[in-house]
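Q: Dropping the sequence and predicted coords here.
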Amino acid sequence: MPLIHDRSHEIFAKAQTLIPGGVNSPARAFGAVGGTPVVMLRGDGPYLYDVDGNQYLDYIGSWGPHILGHRHPQVIEAIHRAVDLGTSFGAPCELENELAELVIDAIPSIELVRMVNSGTEATMSAIRVARGFTGRDLIVKFAGCYHGHVDSLLVKAGSGALTLGTPSSPGIPAGCTDATLVLEYNDCDQLETVFRERGDQIACVILEPVVGNMGTVIPDTEFLQTLRRVCDESGAVLIFDEVMTGFRLAYGGAQSRLGVTPDMTTLGKILGGGLPVGAYGGRRDIMQTVSPLGPVYQAGTLSGNPVAMASGIATLRVLKETNPYPQLDDYTNWLTSGLSSMAAKHGIPHQIPQIGSMFTLFFNDQPVRNYNDAVRSNTKQFAAYFHEMLERGIYLACSQFEANFASAVLTQDDLNRTLQAADEALAAVAAL
Ligand SMILES: *Cc1c(COP(=O)(O)O)cnc(C)c1O
């Protein structure tokens, strides 16, 4: 029997009269897969419950934050305690020190850290600091990496490989992106060339050290090593955008797994444990340029507010104490092996890159190493698969070009159920 979504449809119809597209962030609108988004009522552990009473096994975790599942008791309790003391002071509070100390202990390349309210704010600020520190304007990013809705980072590659970027959204003046160079991920030759030609003008390179935002794409070791070397040789600041991977791939983030150390790191998502927190930090000499210590201005009315800090502190403490990462790796690896066998059994060409608790089932017969590879995936098959899984109570990321996340509260039963659903869903996809 198909799931009933009457109440969802009703609420979403009203939302569309009030909010652009009915959503406060576009990925939620099911634009890439068609259909109407499900309106959620509550989350509990690995599950989400919608307003019609349907239960879903959640592989999105609010797009990253909920590595501990929904409403983890220690996190909820910490939030309650903080709320009781007031929600925002606009003055220093001790919880800011606690979260900063946890971040600095977890990620040794961060010597000083500044809290903000979102991942977007973190990357926007990090880029400003890198430019202020180096006195240079050019920034390098990679096609398919997403760093939030910062003007200078919403860029697509120009016509030639090494041309300057063009805005990927109306409303962004060309002047905002004409200092942004867009290169192909995992392409060492392009990186060498651009640094040979313009290295002395480049303020920073920003990248997702493991990509989630074109689907999961894993970097080559040689690519990461080349990045580190060209930045060292030119004096450019290497920024790892770990908004997704921080506290996700390991407690110390992607950088602790990959063995390459950036100069600056941006964080978000898990850092706030479900409340809005971002952060940027890095080498002391770079971070000392930030206001009021230095001349680079950056501020925030609600930055470091006690409720958000308490949520982040509790989340990080649980992660540190329970170290769920080995188990997450094992479970996710088991799951993706299973998904791969199912897809093969049904004769569906696929790739399933996985690292730690991040994975993407690409409907693609070639390895996916960059954005060009990713966009050659069969998005029709993906959309069908997504809806077949949703109908079976499995809530996956609603685009081929997103990562899915396992949470630490999944059980072997949940994984079995997921594979069972995937077997049926992929059979339906194969029959298309
Ligand atoms: C989600 C994300 C951002 C943006 O964070 P918001 O909190 O949505 O502004 C930036 N970079 C990466 C890598 C992300 O995954």
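A: Arrived safely. The model shown is predicted, which means the values in this text are computed figures rather than measured ones.

Q: For burial, what's the neighbour tally of the closest residue to the ligand within the stretch 51-200 of the chain?
A: Minimum separation of the stretch 51-200 of the chain from the ligand (C-beta to the nearest ligand atom) falls at Gly119, amounting to 2.1 Å. Glycine gets a C-beta too; all of them are placed from N, C-alpha and C. Neighbourhood size, Gly119 [other C-beta atoms under 10 Å]: 31.

Q: low-confidence ranges in this protein?
A: With pLDDT under 70 as the threshold, the chain has low-confidence stretches at 1, 157-164.

Q: Show me what from it comes close to the ligand.
A: In this structure, the chain approaches the ligand at residues 118-120, 123, 146-148, 208, 212-213, 241, 243-244, 268, 278, judged by C-beta under 6 Å from any ligand atom.

Q: so of the residues you listed, which ones are in helices?
A: Among the residues of the chain next to the ligand, the subset assigned to helices under DSSP state H consists of 119-120, 123.

Q: quick one, longest helix in this structure?
A: Max-length helix for the chain by DSSP H is helix 325-345.

Q: which strands and helices sit next to that one?
A: strand 354-355, strand 358-359, helix 412-430 (3 or more C-beta pairs under 8 Å, 6 or more residues apart in numbering; DSSP states H and E).

Q: list the contacts for Ser377?
A: By C-beta atoms under 8 Å, 6 or more residues apart in numbering, the contact set of Ser377 is 215, 362-364, 368, 400-401.

Q: same question, Leu396
A: Contacts of Leu396 (C-beta under 8 Å, 6+ apart): 59-60, 386, 389-390, 404.

Q: out of those, which are buried?
A: Among the contacts of Leu396, those classed as buried by 16 or more other C-beta atoms under 10 Å are 59-60, 386, 389-390, 404.

Q: Show me which of those is closest to His70.
A: When these are compared for distance to His70 (C-beta to C-beta), Ile60 comes out closest, at 11.0 Å.

Q: Tell me who's in contact with the closest one.
A: 395-397, 404-405.

Q: Out of those residues, flag the one nearest to His72.
A: The closest of the contacts of Ile60 to His72 turns out to be Phe405 (C-beta to C-beta; 14.8 Å).

Q: separation between the closest one and the ligand?
A: The gap separating Phe405 from the ligand is 11 Å, by C-beta to the nearest ligand atom, to the nearest Å.

Q: what are the ranges of the strands in the stretch 51-200 of the chain?
A: 55-58, 112-116, 138-142, 155-156, 166-167, 180-183 (DSSP state E, counting those that start in this stretch).

Q: List the neighbouring strands of the fourth one plus their orientation.
A: Think strand 155-156. Sheet pairing for strand 155-156, assigned by DSSP bridges, gives strand 166-167 (antiparallel).

Q: Would you map the helices across this structure?
A: For the chain, applying DSSP H gives helices covering 6-18, 73-84, 94-106, 119-134, 174-177, 188-198, 221-234, 254-258, 284-287, 306-322, 325-345, 371-374, 379-391, 412-430.

Q: Just name the most buried of those helices.
A: Highest mean neighbour count among the helices of the chain (mean count of other C-beta atoms under 10 Å): helix 119-134, with a mean of 25.

Q: Need the residues that contact that one.
A: So helix 119-134 is contacted by 114, 116, 137, 139, 147-150, 152-153, 203-204, 206, 235-237, 239, 241, 243, 264, 266-269, 278-280, 282, 285-287, 289-290, 294-296, 298, 300 (C-beta under 8 Å, 6+ apart).

Q: could you redo the last one with a cut-off of 6 Å?
A: 116, 139, 147-150, 203-204, 237, 239, 241, 243, 264, 266, 268, 278-280, 286, 289-290, 296, 298 (C-beta atoms under 6 Å, 6 or more residues apart in numbering).

Q: which of these count as buried?
A: For those, buried by 16+ other C-beta under 10 Å: 116, 139, 147-150, 203-204, 237, 239, 241, 243, 264, 266, 268, 278-280, 286, 289-290, 296, 298.
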